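Participant: mind folding the following:
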Amino acid sequence: METGLVFTQEDGSWLHPGKVTDLFERLVAASGLPPIRLHDLRNGTATLMLAAGSDVKITSGALGHSDTRITRDIYQSVLRHVGKNAAEATAKLVPLRQKAEEEDARKAEKARKKAKRAKKAGEKKPKN
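Facilitator: Below you'll find the predicted structure:
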């Protein structure tokens, strides 16, 4: 049953968020995990989505933000990290492209010299 609410009773009626938080805290303590807030899971999800390259509009929609600026403002440090990774990945492509261009230039020069030699060899052949 779709209610638009994040947490509901079994019948779909409103469930006080404090009850969910209390249950979550008990489960975390029982599991032996370090203390974590329920809201930290939301933040972690958004952080992982953005770090994985998810479009900010998709992440914003998943979080229910009315505007992508909210998402960008909250996760700005993550976006900088993602931007840095993107820049580094792009930079890694540049030497590969330069190397490929240099290889293409060498091949073209080799082909030009071969054609020139073939032309000279053809000119030296006696005509019958």
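
Participant: all contacts plus neighbour counts: C-alpha atoms, from now on.
Facilitator: OK.

Participant: what about Glu10, which SS state?
Facilitator: Of the three states, Glu10 takes coil under DSSP: H, G, I helix; E, B strand; the rest coil.

Participant: torsion angles phi and psi at it?
Facilitator: Dihedral pair for Glu10: phi -60, psi -30, per degrees, to the nearest 10.

Participant: scan the protein for its longest helix.
Facilitator: In the chain, with assignment by DSSP state H, the single longest helix is helix 76-124.

Participant: output the contacting helices and strands for that one.
Facilitator: Identification of packing neighbours for helix 76-124 by 3 or more C-alpha pairs under 8 Å, 6 or more residues apart in numbering; DSSP states H and E yields helix 38-51.

Participant: where does pLDDT dip in this structure?
Facilitator: Along the chain, segments meeting pLDDT under 70 span 78-79, 95-98, 124-128.

Participant: does the residue positioned nearest the centre of it count as helix, strand or coil?
Facilitator: When C-alpha atoms, centre = their mean is applied to the chain, the residue found nearest the centroid is Gly53 (1.9 Å). Under three-state DSSP, Gly53 falls in the coil class.

Participant: that one reaches Val82, doesn't it?
Facilitator: Yes. Gly53 is in contact with Val82 according to C-alpha atoms under 8 Å; the separation is 7.4 Å.
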